[in-house]
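Student: next comes the sequence, and after it the predicted model I'd like to discuss.
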Amino acid sequence: MPNEFTLRRAEPSDALCLSVLAMQVFLDTYAIYGIRPAIAREVMASYAESVFLRDIGSAGSAIIVAEREHHLVGFAQVTLGATHELAPAGEQAELLRLYVQEPFTRRRLGTELLAQAERLARDAGATVLWLTPWVYNHRALHFYTRCGYTDHGLTWFTFEGESHENRVFARQLMSAVTAPEGSEHGDR
């Protein structure tokens, strides 16, 4: 990854910017037909500054931020110990979010954030990292497949009585001891 980005653990002072960045990326990705009350309420509840403050302070959550010239441009959030019945057996963790602001996509930033999230999960004892991308987020589906994640089946994301089709993607995490040098994601 070029030196234009710095990756680090999120701090409480990042909560406001994480909130706004998450809202922006969520809306750009999922509100493809515009904004309606159900989406607006979901965004305001799920991405409030107080939610990020809580998660930054939680032992069960870890957030890695990417910044460029003191501006947050992306982040990865892992929920340690989160399980899904469709994910492979093992000590599971969830990649809850991997968001990159649109002007900074296609610069390997997502790949580096994912590698950091995997490392963080593995260091916390996870052997499986799973996530649930939306079926119409074709760019994400392609990205995770390219990064060694496999589709384990259908799941639903539900809010305000609406259910949206997602897929369960997962990857076995190799221990740092057994992983060959440079094999974390292959040669990309």
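Tutor: Cool, got the structure.

Student: partner strands of the lowest-mean-pLDDT helix or strand in the chain and their direction?
Tutor: Ranked by mean pLDDT, DSSP states H and E, the weakest helix or strand in the chain is strand 150-159, scoring a mean of 89. Next to strand 150-159 in the sheet, as set by DSSP bridges, lie strand 162-172 (antiparallel).

Student: how about the least confident helix or strand of the chain: buried residues?
Tutor: Neighbour-count burial for strand 150-159 flags 152, 155 (criterion: 16 or more other CB atoms under 10 Å). Backbone N, C-alpha and C define where each C-beta goes, glycine included.

Student: and stretch 107-121, by the same measure?
Tutor: By neighbour count, and taking 16+ other CB under 10 Å as the criterion, the buried residues in stretch 107-121 are 107, 109-118, 120-121.

Student: do the same with stretch 128-136
Tutor: Taking 16+ other CB under 10 Å as the neighbour-count basis, stretch 128-136 is seen to contain the buried residues 128, 129, 130, 131, 132, 133.

Student: and the strands in this protein, which stretches?
Tutor: 6-9, 61-68, 71-80, 92-100, 128-131, 150-159, 162-172 (DSSP state E).
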